[in-house]
Every structure is written in structure tokens, then in C-alpha cells.
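# turn this into a model:
(one chain, ligands or ions: 1)
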Amino acid sequence: MNDQTHSHAKEVQSNQEGPFKDLEKLVRKYACTPYLRPIADHTRLAFADAEQFIADFYSKGQAQSAPHPVILDSGCGTGESTFHLAQQFPDYPVIGIDKSAVRLNKANKNGDLPQPMPQNAFYVRAELIDFWRLALEKATTGQWTIPYHALYYPNPWPKQSEAGRRFHLHPIFPTLMQISQTTELRTNWEIYAQEFALAVRILQKTPVRDCFPSSRVAMTINCEAFEPEQPITAFERKYKNARQQLWRVIIHH
Ligand SMILES: C[S@@+](CC[C@H](N)C(=O)[O-])C[C@H]1O[C@@H](n2cnc3c(N)ncnc32)[C@H](O)[C@@H]1O
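Numbering: from 1, shown residues only. You can find the predicted model right below:
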């Protein structure tokens, strides 16, 4: 991709100067409230495709009994990070998930990527909020483990009035924090990274409704500025070319 193309990527503009004022209240509220929104049929179907891919992957390889390790790349967009994660974790299936058919279509055509997609990578079009609940069922029933969950540059929803759409201020957050052994969020908005880390710290100290396993409470949380030498997503490249500072939050359970 041409470096000039994105050299003027806009910085995130927000009417917030620090973490959202009601963050603690919202995180505590959702920790205690079951999230009951029905799961959309289209995501159930997409999830079944991912399950099949994973089952086939493990039936072809060395016999490995469950739980089967699975890597998730949530909001994979045009899929570059899925490609890189599949190379980084060649022994595990890597599932790139996005709701945008247009972006996934580029992913399936391999876009700007130099080589064919590794055999362990698979894309699904799905709603993350539903996909994560289905993934958690797999983890809690001992069928999958999720050693690494990538959450690279989700929509920041920077207006205060839209804060409730950020994943850490949404009822899905306790689910998101139970799925994987390591979660890595990347963003170009420092406040989003700070809020995410703060929300995890609050969740750590909050008795979460019955299903939050105590083993997950011992988490380490690192929130830091970082400079990717080699961008691994389209948005990462865009922000790097625009010389924007990038942030990441890494959570180990
Ligand atoms: C800013 S883009 C980043 C894409 C990619 N990770 C990258 O860095 O190039 C955010 C992506 O997350 C996807 N996304 C956001 N919320 C989602 C949701 N609730 N379910 C599925 N996909 C979602 C969008 O469709 C979009 O492709």
C-alpha cells in the first residue's frame, strides 16, 4: 500500500479528556447482570462454520484431544492480522471475525498480502457480541482453549454519548474477559486504552455473576505506548504512516 495514501489519517477527536465518567458504575453494573440478548441466527451459522473448520483442522493433524487451542482475531477487517497470526501460531487454527462483508471479501481475496492464506486461517462474518458468547460456551465446556485473542483497533466510538458502544462499557465485557488466556487490545486512542485497562482492573475487584471463574481474577494488565516495526493490520499501517502514537493493553489471565 502506498505510504502517502494514509499519511493524513485523522487523530481521534473526542469530547472526553479522560476516562468516561460513569465507567466504574457501568462495569460494576454489567458484572452483576446476565446479558440475555438472543444470539442472531446468522452468527450461530457462522459460528458453526468456524467450529467445523476447527474440528477438521484437529482431525487432520496429530491426534490432539480436547480442549483444542483456537486463536481469535476479532474485528479482523481486511484480514491482514489473521494472516500474520496464522503464521505466528502455525499449530493452531486462527479465526478472523468481522461483521463487514466488504472488508472480509478483501480478506478472502488476499488483498495486499504477499502469499496465499495459511491453511490454519479461516474468516467468518459474524457479530462479535454473539460470537464471543458462543466461544465462551466452548471454553467453559472444555472443548476449546483460547490462548490468544486479538482485538486490534476496534471502533473507538469517541463521542461521550456513544461510550456505551465501546466493548468495555457494554454488557458483553465480562464475557470478553473470560474467553481467553491472553487478550491484546490495540488502539490509536490513548483514552480507549486507559479505559480498557481500568475496566479490567474494576472487573478484577468486582464479584462477577456466578460464571466468572476465580482462576481468571489473577490477571496482569499492561497498558503501554508501542511502535510496531512492521504493521500487521491495515489500520495499524495507516496510523503508523500518519505518525500517530499507538497503544496496547495486554491482559494475561
Ligand atoms: C477500525 S476497523 C479495524 C480492522 C482491523 N482490525 C485493522 O486493524 O485493520 C474495526 C473493525 O471491527 C469490525 N467490528 C466492529 N464492531 C464489530 C462487531 N460488533 N462485530 C463484528 N465486527 C465488528 C468492523 O467491521 C471493522 O472491520
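
# who in this protein is up against the ligand?
Counting by CB under 6 Å from any ligand atom, the positions of the chain adjacent to the ligand are 75-77, 81, 98-100, 103, 127-129, 152-155, 233-236. (C-beta placed from N, C-alpha, C; glycine too.)

# what subset of those is buried?
The neighbour-count criterion (16 or more other CB atoms under 10 Å) marks 75-77, 81, 98-99, 103, 128-129, 152-154, 233-236 among the residues of the chain next to the ligand as buried.

# quick check: residue 31 is in a helix.
Yes - assessed by DSSP: H, G, I helix; E, B strand; the rest coil, residue 31 belongs to a helix.

# what's the burial count for it?
Residue 31 has 20 neighbours, counted by other CB atoms under 10 Å.

# list phi and psi for the nearest residue to residue 252 once chain neighbours are set aside.
In this structure, residue 252 finds its nearest non-sequential neighbour in residue 220, 4.7 Å apart by CB to CB, 6 or more residues apart in numbering. When read as degrees, to the nearest 10, the backbone of residue 220 gives phi -110, psi 140.

# which phi and psi does residue 69 have?
With angles defined as degrees, to the nearest 10, residue 69 sits at phi -70, psi 140.

# what does stretch 37-50 rub up against?
With contact meaning CB atoms under 8 Å, 6 or more residues apart in numbering, stretch 37-50 is reached by 95, 97, 122, 124-127, 129-131, 133-135, 171.

# ramachandran coordinates for the closest residue to residue 244 other than its chain neighbours?
Nearest residue to residue 244, sequence neighbours excluded (CB to CB, 6+ apart): residue 188, at 4.9 Å. Note on residue 188: its backbone torsions stand at phi -100, psi 10 [degrees, to the nearest 10].

# tell me the pLDDT of residue 188.
For residue 188, the pLDDT comes out at 97.

# can you pull the contacts of it?
Applying CB under 8 Å, 6+ apart, we find residue 188 in contact with 11, 12, 153, 156, 235, 239, 244, 245, 246, 247.

# host element of residue 194?
Secondary structure assignment for residue 194, by DSSP states H and E: helix 190-204.

# what is that helix packed up against?
helix 23-32, helix 173-179, strand 182-187, strand 220-226, strand 246-252 (3 or more CB pairs under 8 Å, 6 or more residues apart in numbering; DSSP states H and E).

# how many other residues sit next to residue 29?
12.

# next one: residue 116
Applying other CB under 10 Å, I find that residue 116 has 9 neighbouring residues.
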